[in-house]
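>>> Predicted model and sequence follow; I will ask about them next.
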Amino acid sequence: MIPKQRIKRQFTGERKDLLDEVIWHPSCWVPACRKHHGDFDNHVFRIPRSALPQGVEIFAEALGMAWSLEADFGVRA
């Protein structure tokens, strides 16, 4: 739910060794078929913030990336 490129920008320098572990953490993504993944990436398919799994919210907070969810899904209700 948080784009990999954004996460990569957060993990530079000495934190870079954690990058793979963070990018593939189960809280960071939700499985989707190729069509829906493409629709989501191209902003055709919109997901309301309230529909995000709680784990995504916790993950974003832990990384200091709640701003990313706000940018893509709006302010949490």
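Sure, I can see it.
>>> counting contacts, what elements does the helix ranked longest in the chain pack onto?
Looking across the chain with DSSP state H, the single longest helix is helix 54-63. With contacts defined as 3 or more CB pairs under 8 Å, 6 or more residues apart in numbering; DSSP states H and E, helix 54-63 has these neighbours: helix 66-73. Heads up, the C-betas are built off the backbone N, CA and C, glycines and all.
>>> what's the angle between the helix it packs on and helix 54-63?
For helix 66-73 against helix 54-63, the angle by axes from the mean of the first three to the mean of the last three CA atoms, to 10 degrees is 140 degrees.
>>> Counting neighbours, which bits of the longest helix of the chain end up buried?
Neighbour-count burial for helix 54-63 flags 56, 57, 59, 60, 63 (criterion: 16 or more other CB atoms under 10 Å).
>>> and if you look at stretch 8-27?
Within stretch 8-27, the residues that count as buried by 16+ other CB under 10 Å are 11, 22, 27.
>>> any idea how far the closest residue to residue 59 other than its chain neighbours lies from residue 42?
Once flanking residues are discounted, residue 59 sits nearest to residue 27: 3.7 Å by CB to CB, 6 or more residues apart in numbering. Separation of residue 27 from residue 42 (CB to CB, to the nearest Å) stands at 24 Å.
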